[in-house]
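Engineer: Predicted model and sequence below, questions to follow.
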Amino acid sequence: MDSAPSARLLPVRLAGLVRRLPQWPPSTLVCAALNLVFLPTLDQDTKQQLMRRIVSIQVSDAGLDCRISLTPIGFLPALGAAPEVTIGACALDYYRLARRLEDPDTLFFSRRLSIDGDTELGLLVKNLLDAIDWTRIPGPLGSAIERLRRLAERS
């Protein structure tokens with residue numbers, strides 16, 4: 001995997017705007033992506049391990065804290081609930097992870113990906129995040145990710 005220094009993917013003005021937004025829109029967007037791309041790939045044992053566990057996915061440079069939980073009907077936002085584990089990185093590092101340009105272990109050991117809370121759940125989530133092929137997301141979410149990629153290339 002090629003290595004790149006941790007940097008901002010989001011322009012400062014956009015990050016400032018996103019930071020001021022309520023957390024439910026990005027949490028809902030993350031849940032929609034997980035339900036569309038990821039949920040169909042989960043085996044029953046993994047679903048049991050994740051069921052009703054609160055996970056916070058934080059995007060440090062955007063000030064986002066997406067709290068999600070797997071329920072019997074799929075991933076749903078878990079706003080206001082205390083997370084059992086928090087996964088954190090900047091937008092660029094999530095992007096690099098999603099595009100498979102960076103390995104989650106490399107990000108973790110270089111302190112660009114943080115995992116706080118329940119260690120076992122954190123490792124499960126880290127490995128599951130690595131397994132998602134974000135490049136195959138159809139529709140508006142896929143094109144939004146592609147726009148972020150183009151923004152990153154201009155920065």
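Structural biologist: Perfect, I can see it now. Just so we're clear, the structure is a prediction, and the values are computed from it rather than from any experiment.
Engineer: any idea where the strands of the chain begin and end?
Structural biologist: For the chain, the strands defined by DSSP state E occupy 54-59, 64-71, 74-77, 85-89, 114-117.
Engineer: export those strands to TSV and tack on mean neighbour count?
Structural biologist: Using the backbone N, CA and C atoms, a C-beta is placed for each residue, glycine as well. Below are those laid out as TSV (neighbours: other C-beta atoms under 10 Å):
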stretch	mean neighbour count
strand 54-59	22
strand 64-71	21
strand 74-77	18
strand 85-89	22
strand 114-117	16
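Engineer: Out of the ones you listed, which is closest to residue 42?
Structural biologist: Closest approach to residue 42 among the strands of the chain (C-beta to C-beta): strand 64-71, 8.3 Å.
Engineer: for that closest one, the distance to its chain's centre please.
Structural biologist: Offset of strand 64-71 from its chain centre (C-alpha atoms, centre = their mean, to the nearest Å): 10 Å.
Engineer: list the helices and strands that strand packs on?
Structural biologist: Strand 64-71 is packed against helix 24-33, strand 54-59, strand 74-77, with contacts defined by 3 or more C-beta pairs under 8 Å, 6 or more residues apart in numbering; DSSP states H and E.
Engineer: quick one: which of the ones you listed has the weakest pLDDT on average?
Structural biologist: Lowest mean pLDDT within these: helix 24-33, at a mean of 87.
Engineer: nearest to residue 33, of the strands of the chain?
Structural biologist: strand 74-77 (8.8 Å).
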